[in-house]
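Undergrad: Got a sequence here, can you build the structure:
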Amino acid sequence: MNYPYMPKSTALWLIENTSLTFEQISDFCGLHELEVKNIADAESYKFQPLNPILSGQITREDITKCEADPSARLTLRTEIIDSQQAQNKRGVGYTPKIHRQNRLFGVWWILKHYPILSDGQIARLMHSTNPTVASIRNKSHASYHELEKGGVSPIVLGLVSESAILEAVAAAEKKAAAPKKPKKKKK
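TA: A predicted model of the protein is given here:
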C-alpha cells in the first residue's frame, strides 16, 4: 500500500481540518490508530500540518465522501502512486537548474528538523557537497538569509524520499547510541 508524503504531518492536517475518524486517518497515513489519537491529543507538535489537497495527493471530494461514510477509505491519487513507484525504482537523481535553489532549501530544512544527521549524510541525501552543508549549518552560506525565510520540505518537492531520511536518522541514532571504543595509544 502507498502512503502520503510525510504521513504524520498529513494526519495532523486531517485531524485539524476534517471530521474523518481516527481509523480512516490511520489507514490512509499508514499509522497505528493510537498514534493518530496521540497526535490529536498533543498540545504542541514537532512538525507542521501538510495539506494533502494542496500537494495533490487527494481531492476535497474524496474527503467529503469519506466524512459522510465512516466505512469508506481515502486513497492516494494514481499520479502520486505512479510518482512514488518511479522514485523508488530510480531514486532521486539529477536536479534541474531551476530546482537547485530548492536543494539549498532542502538542506536547510533537514538541518532544522534533523540536526542529528552529519554533514556527509545530508550531502548524500540531497546530492550536495559537504562544504555546502557545513556552510548552511554554520550560517555562513551566501544565501543563508534567504533560506531562513522558509522553505518547503524536500520530500514534498520530490528531492528525497521520506524513507531515505528516516533510514539516515536511524543510522545516526544507532551510531550515537553505540559505546565509543577507547583509542589505542601509539608507542
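Undergrad: Can you check which helix is longest in the chain?
TA: Taking DSSP state H as the criterion, the chain has its longest helix at helix 162-177.
Undergrad: so what does that helix touch, helix or strand wise?
TA: When contacts are defined as 3 or more Cβ pairs under 8 Å, 6 or more residues apart in numbering; DSSP states H and E, helix 162-177 sits against helix 119-126. C-betas here are computed from N, CA, C, even on glycine.
Undergrad: Mind doing that once more with 10 Å?
TA: Contacts defined by 3 or more Cβ pairs under 10 Å, 6 or more residues apart in numbering; DSSP states H and E place helix 162-177 against helix 7-17, helix 78-90, helix 100-113, helix 119-126, helix 154-157.
Undergrad: Reformat these as TSV; add mean neighbour count and distance to A40.
TA: Shown next, in TSV, are the helices and strands packed on helix 162-177 (neighbours: other Cβ atoms under 10 Å; distance: least, Cβ to Cβ, whole Å):
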stretch	mean neighbour count	distance to A40
helix 7-17	21	5
helix 78-90	12	24
helix 100-113	20	21
helix 119-126	20	30
helix 154-157	20	22
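Undergrad: Save the ones you listed as CSV, and put in mean pLDDT and distance to E43 too.
TA: What follows is these, written out as CSV (pLDDT from 0 to 100; distance: least, Cβ to Cβ, whole Å):
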stretch, mean pLDDT, distance to E43
helix 7-17, 91, 13
helix 78-90, 66, 31
helix 100-113, 85, 19
helix 119-126, 90, 30
helix 154-157, 80, 25
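Undergrad: Let me have these in CSV, extended by distance to L166.
TA: Below are those laid out as CSV (distance: least, Cβ to Cβ, whole Å):
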stretch, distance to L166
helix 7-17, 11
helix 78-90, 14
helix 100-113, 12
helix 119-126, 11
helix 154-157, 10
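Undergrad: wait, which of these is closest to S55?
TA: Between S55 and those, the tightest spacing by Cβ to Cβ is seen for helix 154-157, at 5.9 Å.
Undergrad: By mean pLDDT, which helix or strand of the chain comes out lowest?
TA: Ranking every helix and strand in the chain by mean pLDDT, DSSP states H and E puts helix 78-90 at the bottom, with a mean of 66.
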